[in-house]
Structure formats: structure tokens, C-alpha cells
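**Student:** Test case, fold it:
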Amino acid sequence: MAGVMDVGLTLVVDAAKGYVAEKLLEPALAPIWSLVKSIFLPRWDPALDEIRLNLAEAVEKRRAADRQYDARLAASLQRDEARSLVTQLTRAAAQATTEDRMKMLAAAAAGVFTPDLDSEMRSRVSRAVEQLEPSDVIALRRVNEAFARGENVQQVEGTPQNRTALVQFGCLNIAAGAGYRSLHEPTPLGLGVLKALEDWPRVPAPRS
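**Tutor:** Sure thing, here's the model as predicted:
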């Protein structure tokens, strides 16, 4: 599936400007690409729409908070990094089994583009998010909130599967031995995941 996509279509991405567009490499392949999407990537179009919306909103928010945002982000990105990350997460979102998971992955595809994450961490975060479910991220967020308040987080809110997934994919640390501040603590990767998903779930703008 990925091979057909790579041959037939590429994504044009300008993360600093909040721009994502599809580009068919060969117009004659358009019917084949439509068939590939319908069979293997059923959520492709809504996922790409979500990514565009999330990215545009993220750029607007970050520019308002940091006049140097464009320059800082551009300086932190390596060649083709933005296109590769968006393509990877768009594929994952397009294959998501639920709408909630699709929207989470789409949010991550926009959220990783912050100069607060370096290229290596963006890569790690994108891979980790693909392995997590929305409830895992919510559980991680609650652990981080409690840890930030100085609490000794003895339990992870949610299900045992949430805790297992967060530990397995490197987002949560469990202290060993004596003298620890908190039994559960977000790892640097976990904090990166939360940074990328800080605006998820998005709140729709009120209708006028």
C-alpha cells in the first residue's frame, strides 16, 4: 500500500505556514489512488482535513505567542522532515479504527511542529503516538497534572491497559527502590507526546 502511494502521490508540507496539500505525481494514476484510498486508507480525506485544520490553528496560536516562531521552527527542521512526519501520521490516521483515534493522530501531525521539540524527539513522539490510544494519552495527562502538583502518583487513572501501554511505549516511568518522589512519572518522551497533543481534543469554534 505504501509503495503505491509513494509512486502515485506525495504531500507538499510547509509546517511553518500551516500548509498541507496533495500532489499527484502522475495525473493518470488518479483512479488508482482513489481505489487505494477507498480500500486501504478509508479515513484519508477526513484525516487530511483534520491535519490542515489543526496545523492552521497551531500556527496561528504559536505565532501569536512567539514572534520568532517561523524562524525557530524552520531552524529546528531537517530537510524533508515535515513531509515525512505528516505523511507517516496521515497514513496512520487514515487507517484508524475509530474517529477519536483518527483525530488524535491528526492532532499529533500538527502538534509535533514546535521548536520545543528537536528532530529526534519529533520522530520518537510520532512513533509513540501511533502506538497509543486516546484513553492512554488522557491517563498520561492526568499523571502529569498530579506530578506537577507535587503528588506521589501511586495509581494511573484509567484502566490497567492504559498503564501497561504507557510504560511499554516509553511514556511513563515506574520508580524502583526507596526515596522516589512519585511512583509514576512521565518520561521525557511522555512529555513530548503531551506537548504534541496539548491542543487535542480541539474545541470547535463557536458558530456565529
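
**Student:** For the residue of the chain most remote from its centre, which three-state class applies?
**Tutor:** Distance from the C-alpha centroid of the chain, by Cα atoms, centre = their mean, peaks at residue 178 (35.1 Å). Classification of residue 178 using DSSP: H, G, I helix; E, B strand; the rest coil returns coil.

**Student:** again with residue 151
**Tutor:** coil.

**Student:** Just give me the neighbour total for the closest residue to it other than its chain neighbours.
**Tutor:** With Cβ to Cβ, 6 or more residues apart in numbering as the criterion, residue 151 has its nearest non-adjacent residue at 6.8 Å, and that residue is residue 182. Placement of C-beta: from N, CA and C, glycine included. Per other Cβ atoms under 10 Å, the neighbour tally for residue 182 reads 17.

**Student:** related to what we said a few turns ago, mind checking how far the residue farthest from the centre of the chain is from residue 155?
**Tutor:** Here residue 178 is placed at a distance of 19 Å from residue 155 (Cβ to Cβ, to the nearest Å).

**Student:** quick check: longest helix of this protein.
**Tutor:** Identified as the longest helix of the chain according to DSSP state H is helix 44-65.

**Student:** where does the protein dip in pLDDT?
**Tutor:** Within the chain, the ranges that satisfy pLDDT under 70 run 1-8, 204-208.

**Student:** now with 80?
**Tutor:** Across the chain, the ranges flagged by pLDDT under 80 are 1-9, 25-26, 29, 177-179, 203-208.

**Student:** picking up where we left off before, gap between the residue farthest from the centre of the chain and residue 144?
**Tutor:** Distance from residue 178 to residue 144, by Cβ to Cβ: 23 Å.
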